[in-house]
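Visitor: Provide a 3D model corresponding to the input given below.
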Amino acid sequence: VDAALTPKTNYTYLVRAVDKAGLNDGNAVKRTVKATVLAEQLALQDFEAGAAGWARSGLNDAATGLWELGDPAQTDAQPGTCPSGTSCWATGLAGPGLGDNDIDTGTTTLVSAPFSLVGATDPAVRYKRYYSNNAGAAPGTDTWLVEISNNDGAAWSTVESTTASNSNNIFSEIEFPLGA
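Guide: Sure, this is the predicted structure:
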């Protein structure tokens, strides 16, 4: 493997086999491929060692269901697991009632620490989430919203907005590019 290949550049190659006697297979077929940069993981946060710079911030006026870090209780509306390990951010860790962990009469906001994308090629964000919006007193009325800022929170752009619930207690893996 040549680590000095230039991304998105075409390279031509020829593969030949030579046996112990020095006989060549005679292959003369050349192929051309474009060099590809493999994804580089800039950060991984599974929250097993703590909050990792994430915290409730901004508007957090919900009567129940504020973001909490820990091991969530299973209810009819959410799994009692985390995507990896036993610690994750969830809107309420208590239970086991159907409405014990839902966000009622307000908003809760979770914000990450800043990430540096200096030198990143084709950056993207990937996360796992479980969202339930099909049970409780007012099904289908809440929105899961993920926003991103490139100016320390002075302005935000929406990257995911949904009212669709996960099903069968299965986490969704979401990925979105951060632009060129």
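Visitor: right, and residue 136 touches residue 97 too?
Guide: No - judged on CB atoms under 8 Å, residue 136 makes no contact with residue 97 at a distance of 10.1 Å. All C-beta spots, glycine's among them, are computed from the backbone N, C-alpha and C.
Visitor: Show me which of these two is the more surrounded one.
Guide: residue 136 (18 against 12; other CB atoms under 10 Å).
Visitor: right, and the secondary structure at that one would be what?
Guide: coil (DSSP: H, G, I helix; E, B strand; the rest coil).
Visitor: residue contacts, it?
Guide: 77, 98-99, 102 (CB atoms under 8 Å, 6 or more residues apart in numbering).
Visitor: Residue 134 too?
Guide: 140, 165.
Visitor: can you give me the strands in this protein?
Guide: Per DSSP state E, the chain carries strands over the ranges 10-14, 30-34, 55-56, 67-70, 88-91, 110-111, 124-129, 144-148, 157-162, 172-177.
Visitor: So for the last one, mean pLDDT?
Guide: Read that as strand 172-177. For strand 172-177, mean pLDDT is 90.
Visitor: what's the average pLDDT for stretch 52-62?
Guide: Stretch 52-62 shows a mean pLDDT of 92.
Visitor: Quick one: closest of the strands of the chain to residue 43.
Guide: strand 124-129 (9.5 Å; CB to CB).
Visitor: Need the residue closest to the centroid of the protein.
Guide: With distances taken as CA atoms, centre = their mean, the residue of the chain nearest its centroid is residue 127 (1.4 Å).
Visitor: ok, and the closest non-adjacent residue to that residue?
Guide: Of all residues not flanking residue 127 in the chain, residue 174 sits nearest, at 5.7 Å (CB to CB, 6 or more residues apart in numbering).
Visitor: now swap in residue 27 and tell me
Guide: That would be residue 16: by CB to CB, 6+ apart, it lies 5.2 Å from residue 27.
Visitor: now do residue 135
Guide: residue 77 (4.6 Å).
Visitor: now do residue 47
Guide: Residue 47's closest residue in space is residue 87 (CB to CB, 6+ apart), at 4.7 Å.
Visitor: One more: residue 107?
Guide: Leaving aside its sequence neighbours, residue 107 sits nearest to residue 59 (CB to CB, 6+ apart; 4.5 Å).
Visitor: can you count the residues close to that neighbour?
Guide: Neighbours around residue 59, by other CB under 10 Å: 10.
Visitor: now do the one 10 residues further on
Guide: The tally of other residues near residue 69 (other CB under 10 Å) stands at 17.
Visitor: now the one 5 residues further on
Guide: Using other CB under 10 Å, residue 74 has 13 other residues around it.
Visitor: got it, and residue 110?
Guide: Residue 110: 19 neighbours (other CB under 10 Å).
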